[in-house]
Structures are given as structure tokens and as C-alpha cells.
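Trainee: Have a look; sequence and predicted model below, questions after that.
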Amino acid sequence: MEVIIKETPEEMSRLSAELIAEVIRHKPRAVLGLATGSTPLGTYKELIRLHKQEGLDFSRVVTFNLDEYVGLAHDHPQSYHYFMWENLFKHININAKNVHIPDGTAKDIPGFCRWYEEQMVKAGGLDIQLLGIGGNGHIAFNEPGSSLGSRTRVKTLDEKTRQDNARFFRSLNEVPKYAITMGIGTIMDSRQLILLATGSGKAEAILRTCEGPITAMVPATIVQLHPKATIIVDKQAASKLTREYPAEPSVLVLA
Ligand code: GLP
């Protein structure tokens, strides 16, 4: 696990986009695991710039998103479907057939979750998975206490997560109570992981993720077991770390 501290969120985003771009240049049919939330927005902006200005080609790229709220229609402004199309997909040359996002409106949710796992296997497995982190240490919607071996399934959201995400909705009441999420085992199967965090609100979660013991109570700590994980944080998210960390990766790791 490599921890990299950048001066600003913009520098963090440029590095994470560069790591993803390297995977795509190396393997045009790369399978990307993508995340939502405010943290990856800068990475998506930079990937769009790389596409528009430097010809980064997404035509054969396949994507799988981490999670989606249960019950939100695909065109609901807070759905992760809407988020991904607005903030990335509509700006790049991705083939809509290659985009996979959990379907929070599926009638048979357990059946859908099994199908989603199968599609990842059929695509050849994830080459790189982008992750944010919740203030409580969750990854995707795997809340504290989630099995570290879990697969794609429905999770009940923690009150803390609903409150954190209420800023995107008109009221706390409107925040869904359930989500479909890749499991921690699903995420760990990816050949490479990038975990991003910015701001002092994530400092405690980052301290526990980088320097604490591995525990289901802080799901992000599992990345310590991944052979190719890069945690990129800004100064504020790094403010509680006690060890010294570099500002650059030792090498640009290819998937
Ligand atoms: C949600 C998402 C996570 C994300 C987290 C943090 O709960 N399911 O994937 O990491 O929010 O979001 P933000 O980046 O906005 O702090």
C-alpha cells in the first residue's frame, strides 16, 4: 500500500486521473471500477480533459460503478446513474453498452446483484477501482461492520452516512435508507485500487485506514491487504497521519 500526500485536491485529482489513464493506454479495453461522491469529481474533470485535449480513448473501456441508492429512478438528480452521465460519461467517447451501474429500481435485487457480479467476471475482472471514503471509514456503501469478504448486495445506510449525504437532497427524509453496493470482497478482487480523500473531515478515517489495525469497523482498512493499492490524500485529510509519506508514487503502476 502506497500513501501519497498532495498539497491540494487538484494535485490529488491529476495524479489519480494519470494512474487511470495509464491503465487505459496500456489496455484499451480496460475495465474500470468507478465511484461517486464529491471526491472523485476532480479526477473525472481531468479524465475529460485528457480525452478532449490528449485523445485518451474510452471507446473500448468498460465500467462498473460501486453503488446506487435503492428506489431512485435513473434520471433522479441524486441517483448515481445521473451523477455518472452528467460528470463523466456524456463528456467522453464511452460506449453506453459498456457502462454498468447497479440498478436501484430492479424488482429482484438479489438476482440483480448476482448478475452484476457475473458481468464483472465476464468482462475479465476490474483492472483498477477508484474509491472515496466515508467519514466513518466506509468504502462504496459498505458500512462499519460489513463483512470484509462481502459481495454485491443491499446494505442499510448508517445514520451518519445519510446525514453526510443529506446535503445533496432537499431534506434528510429524502435520503434513501438502502443502497446496492459492491462488497468489500468484490472491491478487493480489482487488480489495482486508488483511494482518495480530501479535507479535515476525512482525517480520522484516513489515519485509521493507513495506520490503524484492519477491522470491519473501518471497512477501508482492508486496503492494507491489497497488493497494489494507492491512497492519495490532500494535506488536510493527511493531517492526523503520524508517519512520513512521499508526494509522488515510487512508480506509475500499470495494471
Ligand atoms: C458515498 C459513496 C461513497 C463515497 C462517500 C464519500 O457514501 N457511496 O462511495 O466514498 O459517499 O463521499 P464524498 O466524496 O462526497 O465525501
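Mentor: That came through, no problem.

Trainee: CA atoms of stretch 40-58 as CSV?
Mentor: Taking C-alpha atoms only, stretch 40-58 is exported to CSV below (Å, rounded to 0.1, in the frame of the first residue of the first chain):
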residue,chain,number,x,y,z
PRO,A,40,-13.7,11.8,-7.5
LEU,A,41,-15.2,14.8,-9.4
GLY,A,42,-11.7,16.4,-10.0
THR,A,43,-10.5,13.0,-11.3
TYR,A,44,-13.4,12.9,-13.8
LYS,A,45,-12.7,16.5,-14.9
GLU,A,46,-9.1,15.6,-15.6
LEU,A,47,-10.1,12.4,-17.4
ILE,A,48,-12.4,14.5,-19.6
ARG,A,49,-9.5,17.0,-20.3
LEU,A,50,-7.2,14.1,-21.2
HIS,A,51,-9.9,12.8,-23.6
LYS,A,52,-10.6,16.2,-25.2
GLN,A,53,-7.1,17.5,-25.4
GLU,A,54,-4.9,14.5,-25.5
GLY,A,55,-7.1,11.9,-27.2
LEU,A,56,-7.5,9.5,-24.3
ASP,A,57,-9.7,6.9,-25.9
PHE,A,58,-12.6,5.4,-23.9
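
Trainee: Show me where the stretch 101-250 of the chain has its strands.
Mentor: 128-131, 153-156, 178-181, 193-197, 229-234 (DSSP state E, counting those that start in this stretch).

Trainee: Relative to Thr105, which of those is closest?
Mentor: Nearest to Thr105 among the strands of the stretch 101-250 of the chain is strand 178-181; the distance by C-beta to C-beta comes to 10.2 Å. C-beta here means a position set from N, CA and C on the backbone, and glycine is covered the same way.

Trainee: Okay, buried residues for stretch 201-220 please.
Mentor: Judged by neighbour count using 16 or more other C-beta atoms under 10 Å, the buried positions of stretch 201-220 are 202-210, 212, 216, 218-220.

Trainee: quick revisit: save the strands of the stretch 101-250 of the chain as TSV, and put in distance to the ligand, mean pLDDT and mean neighbour count too.
Mentor: Converted to TSV, the strands of the stretch 101-250 of the chain look like this (distance: least, C-beta to the nearest ligand atom, whole Å; pLDDT from 0 to 100; neighbours: other C-beta atoms under 10 Å):
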stretch	distance to the ligand	mean pLDDT	mean neighbour count
strand 128-131	6	98	26
strand 153-156	10	96	18
strand 178-181	7	98	24
strand 193-197	8	98	27
strand 229-234	12	98	24
